[in-house]
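Chemist: model this:
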Amino acid sequence: MNKHINGRHTMKRNLATLFLTLILALLAWEGNAQQDPQYTQYMYNPLVINPAYAGNRGVTSILGLHRSQWVGLDGAPRTQNITVHSPIGLSKVGLGFSIVNDALGPARETYFNADFSYTLETSLEGRLSFGIKGSLNLLDVDFSRTNPFNPGDPYIQNIDNKLSPNVGVGIFYHGSHFYGGISAPQLLTTDHFDKSGTQSAETFVSEERIHYYGLAGYVFDLNRNLKFKPSTLVKMVSGAPLSVDVNANFMFYNRLTLGASYRWSAALSGLAAFQVSDGLLIGFAYDRETTELGNAIYNDGTYEVFLRFELFKEYDRMLTPRFF
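Modeler: Predicted coordinates for the structure are as follows:
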């Protein structure tokens, strides 16, 4: 019995060391590129960044999310996504599918993703999942949506629904209270070019680079009716500033969740979610920039809303909702 307990403790220490090492390695990375869509309520929507999460909730889970960033500014980012995932068979295999639509200025990008995960039992409560993501990205850039200073500039080139494949990987671990994961949802770098129609070489238009993510959280049972969950998300890509989110959520009576989030040197956020029924959760978040952009007269902040619906079998109803 003692050997079994010591083995479990050793495995937990090794897993914690692994996640800490990998997150520190991510923090040390530097680079230069445009970031993928970001989400304030990432803790409810991890499938879009980590394929290993597919099927991890143990039921069929459907989530829809809309984010309007920097409302009031022309050409500001807007993002919508819908995700569906479920365990298959004996729950060791998970399958998922998601569509993400992202608009920024003249650019419209749509991601079609399929996810596969396989889960190993590491202890009585621990589960370690490995995932792979396959995706098709559709990029459309039309500068007529903006007012370019010089419309005849040969370096201002449109992209007409350019389709490019990609593949990603992820690892996700969770126990009864702790969860953590690392992922790279798009491993292939893509350079987008456009021919000018003359003798000149192709014109470089945009570039997509590898994004790395690390996320972790822990649930503290403060009392029978109150839970506290701190969590973090680290995102990095070559050529863009490091993005670090630190979040604190409190769940009251297994129904109402209230929290706050800070995105390092970028924004403060307030979050709220309500468990309407066993299968239905709704959530809302509001961000306010802490940079000079937050003081812009036409910037009314960022709004994000989501709805999650889960299909439970009659004998598998929730006693308490899982907090991740």
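Chemist: from here on, contacts and neighbour counts on C-alpha atoms
Modeler: Noted.
Chemist: please determine how far Asn50 is located from Leu293.
Modeler: Distance of Asn50 to Leu293, computed by C-alpha to C-alpha, to the nearest Å: 30 Å.
Chemist: can you check Phe323 too?
Modeler: Spatial separation of Phe323 from Leu293 under the definition C-alpha to C-alpha is 33 Å.
Chemist: and those two? Which one has more around it.
Modeler: Phe323 (19 against 14; other C-alpha atoms under 10 Å).
Chemist: using the three-state scheme, assign the more buried one.
Modeler: coil (DSSP: H, G, I helix; E, B strand; the rest coil).
Chemist: find me whatever residue is spatially closest to it, sequence neighbours aside.
Modeler: Val219 (7.3 Å; C-alpha to C-alpha, 6 or more residues apart in numbering).
Chemist: quick one: neighbours of the one you found, just the number.
Modeler: Neighbours around Val219, by other C-alpha under 10 Å: 20.
Chemist: for Leu222, same thing?
Modeler: 10.
Chemist: need the contact list for it.
Modeler: Counting by C-alpha atoms under 8 Å, 6 or more residues apart in numbering, Leu222 makes contact with Phe228.
Chemist: distance of Phe130 from Gly105?
Modeler: 36 Å.
Chemist: which one's more surrounded, these two?
Modeler: Shown here are Phe130 and Gly105; by other C-alpha under 10 Å, Phe130 has more neighbours (23 against 15).
Chemist: which helix or which strand is home to that one?
Modeler: strand 127-141 (DSSP states H and E).
Chemist: Phe228 too?
Modeler: Assigned by DSSP H and E, Phe228 falls in strand 226-237.
Chemist: chain center to that strand: distance?
Modeler: Centroid separation for strand 226-237 versus its chain: 11 Å, with C-alpha atoms, centre = their mean, to the nearest Å.
Chemist: partners of the following helix or strand past it in the sheet?
Modeler: Once the chain leaves strand 226-237, the next helix or strand it forms, by DSSP H and E, is strand 243-252. When sheet partners are counted by DSSP bridges, strand 243-252 sits next to strand 226-237 (antiparallel), strand 256-263 (antiparallel).
Chemist: that's a helix at Leu293, yeah?
Modeler: Yes. Assessed with three-state DSSP, Leu293 lies in a helix.
Chemist: where does this protein have low pLDDT?
Modeler: In the predicted model of the chain, residues 1-35, 145-157, 191-207, 294, 313-321 satisfy pLDDT under 70.
Chemist: the helices in it, which residues?
Modeler: All helices of the chain, identified by DSSP state H, fall at 2-27.
Chemist: bridging residues for Ala184?
Modeler: Beta-bridge partners recorded for Ala184 (DSSP bridges): Val169.
Chemist: contacts only, for it.
Modeler: Ile49, Asn50, Gly168, Val169, Gly170, Ile210, His211, Tyr212, Tyr213.
Chemist: could you dump the residues you listed to a markdown table with distance to Thr119 and neighbour count?
Modeler: A markdown table is the format used below for the contacts of Ala184 (distance: C-alpha to C-alpha, whole Å; neighbours: other C-alpha atoms under 10 Å):
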| residue | distance to Thr119 | neighbour count |
| --- | --- | --- |
| Ile49 | 17 | 28 |
| Asn50 | 14 | 29 |
| Gly168 | 17 | 22 |
| Val169 | 14 | 22 |
| Gly170 | 12 | 24 |
| Ile210 | 25 | 18 |
| His211 | 24 | 22 |
| Tyr212 | 21 | 23 |
| Tyr213 | 20 | 22 |
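Chemist: tell me the one of these nearest Arg78?
Modeler: Ile49 (17.5 Å; C-alpha to C-alpha).
Chemist: which one is that closest one nearest to, not counting chain neighbours?
Modeler: Closest to Ile49 by C-alpha to C-alpha, 6+ apart is Pro185, at 5.6 Å.
Chemist: how far away is that neighbour from Lys92?
Modeler: From Pro185 to Lys92 the distance is 21 Å (C-alpha to C-alpha).
Chemist: so for those two, which residue has more residues nearby?
Modeler: Neighbour count, other C-alpha under 10 Å: between Pro185 and Lys92, Pro185 has more, with 26 against 17.
Chemist: so who does the more buried one touch?
Modeler: Pro185 neighbours (C-alpha under 8 Å, 6+ apart): Val48, Ile49, Asn50, Pro51, Lys133, Val167, Gly168, Val169, Gly170, Ile210, His211, Tyr212.
Chemist: try 7 Å
Modeler: Shown in contact with Pro185 (C-alpha atoms under 7 Å, 6 or more residues apart in numbering): Ile49, Asn50, Lys133, Val167, Gly168, Val169, His211.
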